[in-house]
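Asker: Give the three-dimensional model of this entry:
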Amino acid sequence: MPLEEEQQQNTDFETIDAESPQNHKTVLDENAQTDHSSLKYSLLGPSLTKAGQDKVDQLKVSEVIYNASKGSKFFNREEVRDKALTAKIDQILAKKSRLEKLNLSRELRAADTLLAELEASRDLTQHIVHIDCDAFYAAVELLDRPELKDVPFAVGGGVLTTCNYVARKFGCRSGMAGFVAKKLCPELVLFPLNFDKYNAKAAEVREILADYDPCFESASIDEAYLNITEYCSEHNMDAAEVVAQMRNEIHEKTHITVSAGIAANARLAKICSNMNKPNGQFVLPRDRAAIMEFMHDLPCRKVNGIGRVLERELASVGINTCGDIYSQRQYIEQLFGEKTYVFLLRCYLGLGRTNVQPAEDYERKSVGTERTFRDMDNPTQLREQLRKTAEELEGDMRRAECKGRTLCLKVKLHTYEVLTRQVVPPKAVFLADDLYNYSLPMLSKLEQEINGLKLRLMGLRCTHLVSTKKPDTLAFFGLKPPASKSRESSEQETPEATDMGGEWEQLPANAVQGEKLDEKAVDGSDRESHSRRHGKEITLNHQKRSPTPIQEEWWACPVCNRPHAANEKQFNEHIDLCLSRQAIRDTIQQAAAAEPVQSRTHTPDIKKPKEKKRGRQSGSADPRQKKLRFG
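Answerer: Predicted coordinates for the structure are as follows:
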């Protein structure tokens, strides 16, 4: 779904960067001496560790955001959340104080045992790469306006979606309100969003990535994970050489730059891709000692999955870098829970997943859509918005080929308070009419509970999904599609057909306590399939194909009359399977027909009176029509 531009000033001030760890730590230290220090730091945004702002005075930026938003509904909501977090941290500190007085030798041994188990799972055999386009939207716009190379500009209106590196030097960031960015940089030029251009350029990048890893994993419209281990082996090249070649090829063909991180797993590759931005790459050797040294001094906030909240909670107990996790390992589970405990120990060891696969290969948990708009309290307009949201969700459900057994309604009040309601319809739903009809009572109930209900966001989501994909009867028998159909589909799914295709799908969030639970990628063409979004059908440069396709011969099975490849051994095995199935059916039918006789022979003395049944008599019924019983 396209990102909705905010139309008013009171909005979420989400930010991106601050490359130097000392930079944002200084903000924490200096703000600690003033009122609302933690709130000011929080207003800097959830993405404080990306590139482009290492020389920005973050203290000044936080003051500008604080003063610009002070007194707004957004500010009041953030202030309440900040006070709640402060109270939670007080509880954490009190609990840790009690734990320090206890003998935690058992917890210490358990932590060391878990560290040993996690260490045994370390895989140093793969070359995982994280590719991230540099200021993607801005870079695409710059292709049409090269004269703005040295001018600070951003893409977006009410909220900035991205900005070039010139603007970032002033403290402008993606997710920042436009009027705040103007205060930081009065010369800032704003451009409207144009997703057709961004999707087209993303398709060009995807086509190149597929040459290096046909099963690459897209994390958003401008980033992806690749496993180039096989490519390095086949071409006898070093991973750094392969990535440098890939980046040069992307720049030559698409005229945009990308940065890359190369490491032994996806978590480390993600961190490394931010080390030499823009237009650079960073290689972390596949060596345990090098990885442990790299993670020891790494600020916790640099790890994907540790945001503003968890960072502040960890800092309160003395964990500022990943190396500090080890010294506090006996307290973590008691203070933060088991999931965060395991997650942090894996971060300390520098462990991460090594499997890279297309996003559509993951089991999808839910499908949803949401939209932000001006404050709305008119009941008629709210219902019109609910209808639009239902129609958008139907389109997403059709593309995902699924239905939902649970329907969730999400709303954000004008006070920035988020409420969710859910219902279990009597049937799995995906049509807009059903989505609207089952969600309308939830909206009506909210109107009754909250006098003068005023919303600024509405969303629908389906969970507990049921697939609506048609079964492949040929695949059931282990058969290939006819050669003619295969050629027709391959001719239709050429790279040219994907040039204007959709976005890279959003990767499922695996991080613990991440700031963004569900970031929606930009929706593409309705005609586009999921596989086409990943470019899996793009011809690979290392894939060998015969210049003249050989006509395959097909034999029809005499039992099921289905086509089968002209392979005598496989064909005979298939016939045996069909005959076996037929024999099983015949045996079950014979057993069913003989069941009444057997029951009379086993119980000759027991005679039950026959009950008269209305309707048709079953004296001469076909035994095949009798109900089968198993067990």
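Asker: in the chain, which spans are strands?
Answerer: 128-133, 153-156, 160-163, 189-191, 217-220, 223-227, 258-263, 281-283, 366-376, 402-413, 418-423, 455-467, 554-556, 563-565 (DSSP state E).
Asker: Next, count neighbours for Glu573.
Answerer: A count of nearby residues for Glu573, using other Cβ atoms under 10 Å, gives 13. Quick note: C-beta positions are derived from backbone N, CA and C, even for glycine.
Asker: now do Gln281
Answerer: Applying other Cβ under 10 Å, we find 22 residues neighbouring Gln281.
Asker: Now do the contacts for it.
Answerer: For Gln281, the contact set (Cβ atoms under 8 Å, 6 or more residues apart in numbering) comprises 240, 243-244, 247, 259-262, 273.
Asker: Quick check: bridge partners of it?
Answerer: Ala260 (DSSP bridges).
Asker: Now do it against Ile208, distance only.
Answerer: With distances taken as Cβ to Cβ, to the nearest Å, Gln281 is found 15 Å from Ile208.
Asker: and if you look at Ala400?
Answerer: Following Cβ to Cβ, the distance that separates Ala400 from Ile208 is 27 Å.
Asker: same deal with Lys88?
Answerer: Distance from Lys88 to Ile208, by Cβ to Cβ: 46 Å.
Asker: which of these two has more neighbours?
Answerer: Ile208 (20 against 14).
Asker: Now do the same contact list for that one.
Answerer: Listed by Cβ under 8 Å, 6+ apart, the contact set of Ile208 reads 246, 249-250, 253-254.
Asker: Same list, the residues you listed, but as a markdown table with pLDDT, neighbour count and distance to Asn572 please.
Answerer: Output for the contacts of Ile208, formatted as a markdown table (pLDDT from 0 to 100; neighbours: other Cβ atoms under 10 Å; distance: Cβ to Cβ, whole Å):
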| residue | pLDDT | neighbour count | distance to Asn572 |
| --- | --- | --- | --- |
| Met246 | 97 | 23 | 47 |
| Glu249 | 96 | 14 | 49 |
| Ile250 | 97 | 21 | 50 |
| Lys253 | 95 | 12 | 50 |
| Thr254 | 95 | 21 | 52 |
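Asker: now, which of those residues sits nearest Tyr362?
Answerer: Taking Cβ to Cβ as the measure, Tyr362 sits nearest to Met246 out of those, at 24.1 Å.
Asker: picking that back up, would you format the strands of the chain as JSON lines with distance to Asp396 and mean pLDDT included?
Answerer: As requested, those are exported to JSON lines (distance: least, Cβ to Cβ, whole Å; pLDDT from 0 to 100):
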{"stretch": "strand 128-133", "distance to Asp396": "25", "mean pLDDT": "96"}
{"stretch": "strand 153-156", "distance to Asp396": "23", "mean pLDDT": "91"}
{"stretch": "strand 160-163", "distance to Asp396": "21", "mean pLDDT": "89"}
{"stretch": "strand 189-191", "distance to Asp396": "27", "mean pLDDT": "92"}
{"stretch": "strand 217-220", "distance to Asp396": "17", "mean pLDDT": "90"}
{"stretch": "strand 223-227", "distance to Asp396": "21", "mean pLDDT": "95"}
{"stretch": "strand 258-263", "distance to Asp396": "28", "mean pLDDT": "97"}
{"stretch": "strand 281-283", "distance to Asp396": "35", "mean pLDDT": "97"}
{"stretch": "strand 366-376", "distance to Asp396": "5", "mean pLDDT": "92"}
{"stretch": "strand 402-413", "distance to Asp396": "10", "mean pLDDT": "95"}
{"stretch": "strand 418-423", "distance to Asp396": "18", "mean pLDDT": "95"}
{"stretch": "strand 455-467", "distance to Asp396": "9", "mean pLDDT": "94"}
{"stretch": "strand 554-556", "distance to Asp396": "38", "mean pLDDT": "73"}
{"stretch": "strand 563-565", "distance to Asp396": "35", "mean pLDDT": "72"}
